[in-house]
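Trainee: Here you go, sequence then predicted model.
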Amino acid sequence: MSGVRVLVGTRKGAFVLTSDEKRQDWEVGGPYFAGWEIYHLKGSPADPNRIYASQSSGWFGQMIQRSDDGGQTWEAVGNEFVYDGTTGTHQWYDGTQHPWEFKRVWHLEPSLTDPDTVYAGAEDAALFRTTDGGKTWTELYGLRNHGSGPRWQPGAGGMAVHTIIQDPSHPGRIFVAISAAGVFRTDDGGETWRPMNRGLKSQYIPDPDAEVGHCVHRMAMHPSRPGVLFMQMHWDVNRSDDAGESWREVSGNLPTDFGFPIEVHAHEPETVYVVPIKSDSEHFPPEGKLRVYRSRTGGNEWEPLTNGLPQSDCYVNVLRDAMAVDRLDSCGVYFGTTGGQVYASADSGDTWAPIVRDLPAVLSVEVQTLP
């Protein structure tokens, strides 16, 4: 019987939520790694039992955990993330130089075809890869050593590789997003990289049309159309129809174009979801109403989805990795909040219900669709 497994990373542990294809009754597993920050959990597309988790602590550092049984048991598999030795520097806002350093893994992206190969996006902005199930990690240092590196800036949350997208039609092509540097693409498996930011505009940097320096919050792509990308930037929602070579704004009638997550419907490549937040200084929903916005036209025309969501006195945030979709026939949509709620919709966003409440602040939500 098919079903879903929702993987939730929080400030104080990880949770695994499972249900059958009806997605009405849920079993809650956890907390795993209680008391630890779990920045991200992601299941392998090549093995429904394999899950990776980024576990970190200010006291004990970074650890990668792996489960081979769907999250029931875990094994610490690796904590060796070493930059290549050419440390370099980047500029802080005040113009001073700061050495590159390793702080934490923000995002894990398992290979589409090999359960032992995983990409890891780190802060400071570096991309790592393992090919042995997480035991050892090698930096793809062509990204960090790109000539534009000294012009990258940390966003409010740090300077992290927070989005990693693999092109299923082009095995060597990977997109990454860095806050605040922008989008980069490799076509040779990570050896060389190019900025992909033409058309983006950032009003608060010296050159609004600069090659790098844009604060991208999140990107999404439907696997059937790898040339089409959607982006939630610091102030705009954008779209690319040429694999990142150029971008255009599709914010349309959104109540605000600031937000963090963006996701694409599993079966409708032109159906996109965002969660608008009031502003970069007020990280809560406009008017205190928690609304997911859906576009069925690939942007510009957006409708609020409110059925089952709090429409008064709601001041939570939804972070960049905290929204996901499943692959069941009736596409499910899921998101978690900084207030500890995880909401689910089994009908593409028309109606919502909380799976769990009162978790620690949710950092990430991912979904495995089970056979």
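Mentor: Yes, it's here.
Trainee: quick one, strands of the stretch 251-371 of the chain?
Mentor: With strands called from DSSP state E, counting those that start in this stretch, the stretch 251-371 of the chain shows them at 259-264, 272-276, 292-295, 303-305, 323-325, 333-336, 342-345, 353-356, 362-370.
Trainee: Check those for me and report the most buried one.
Mentor: Of all these, strand 333-336 carries the top mean neighbour count, a mean of 26, counting by mean count of other C-beta atoms under 10 Å. Bear in mind the C-beta positions are built from the backbone N, C-alpha and C, glycine included.
Trainee: chain center to that one, what's the gap?
Mentor: Relative to the centre of its chain, strand 333-336 is centred 12 Å away, using C-alpha atoms, centre = their mean, to the nearest Å.
Trainee: Can you tell me which helices and strands that strand packs against?
Mentor: Applying 3 or more C-beta pairs under 8 Å, 6 or more residues apart in numbering; DSSP states H and E, we find strand 333-336 packed against strand 3-10, strand 323-325, strand 342-345, strand 362-370.
Trainee: Would you mind confirming that W26 is in contact with I355?
Mentor: Yes: between W26 and I355 there is a contact under C-beta atoms under 8 Å: 4.9 Å.
Trainee: got any residues that touch both of those two?
Mentor: L17 (C-beta atoms under 8 Å, 6 or more residues apart in numbering).
Trainee: G133 reaches D114, doesn't it?
Mentor: No: judged on C-beta under 8 Å, G133 makes no contact with D114 at a distance of 9.7 Å.
Trainee: Who has more neighbours out of the two?
Mentor: A count of neighbours by other C-beta atoms under 10 Å puts G133 above the other of G133 and D114, at 20 against 14.
Trainee: Tell me the secondary structure at the more buried one.
Mentor: Three-state call for G133 (DSSP: H, G, I helix; E, B strand; the rest coil): coil.
Trainee: pLDDT value on it, please?
Mentor: pLDDT recorded at G133 is 97.
Trainee: residues in contact with it?
Mentor: Neighbour list for G133: 66, 77, 115-116, 118 [criterion: C-beta under 8 Å, 6+ apart].
Trainee: now, among these, which is nearest to C215?
Mentor: C215 lies nearest to V118 out of the contacts of G133, by C-beta to C-beta, at 25.9 Å.
Trainee: The closest one and F102: what is the separation?
Mentor: To F102, V118 is 17 Å away according to C-beta to C-beta, to the nearest Å.
Trainee: More neighbours: which of those two?
Mentor: Taking other C-beta under 10 Å, V118 and F102 do not tie; V118 has more neighbours (25 against 16).
Trainee: Identify the bridge partners of the more buried one.
Mentor: Following DSSP bridges, V118 is listed with bridge partners P110, T130.
Trainee: Contacts only, for it.
Mentor: Counting by C-beta under 8 Å, 6+ apart, V118 touches 44, 52, 108-111, 129-130, 133-134.
Trainee: contacts for stretch 30-41?
Mentor: Applying C-beta under 8 Å, 6+ apart, the contact partners of stretch 30-41 are 7-16, 51-57, 65, 71, 74, 104-108, 321, 363-364, 366.
Trainee: buried stuff in it?
Mentor: Using 16 or more other C-beta atoms under 10 Å as the test for burial, stretch 30-41 gives 30-33, 36-41.
Trainee: Convert the C-alpha atoms of it to PDB, please.
Mentor: Extracted C-alpha coordinates of stretch 30-41, given in PDB (Å, rounded to 0.1, in the frame of the first residue of the first chain):
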ATOM      1  CA  GLY A  30      10.600  11.100  17.400                       C
ATOM      2  CA  PRO A  31      12.000  13.200  18.600                       C
ATOM      3  CA  TYR A  32      15.300  11.800  17.200                       C
ATOM      4  CA  PHE A  33      18.500  13.600  18.300                       C
ATOM      5  CA  ALA A  34      16.400  15.500  20.900                       C
ATOM      6  CA  GLY A  35      18.000  18.800  21.800                       C
ATOM      7  CA  TRP A  36      20.000  19.100  18.700                       C
ATOM      8  CA  GLU A  37      19.400  21.400  15.800                       C
ATOM      9  CA  ILE A  38      18.400  19.300  12.800                       C
ATOM     10  CA  TYR A  39      18.700  21.700   9.900                       C
ATOM     11  CA  HIS A  40      17.600  19.300   7.200                       C
ATOM     12  CA  LEU A  41      16.500  15.700   6.500                       C
END
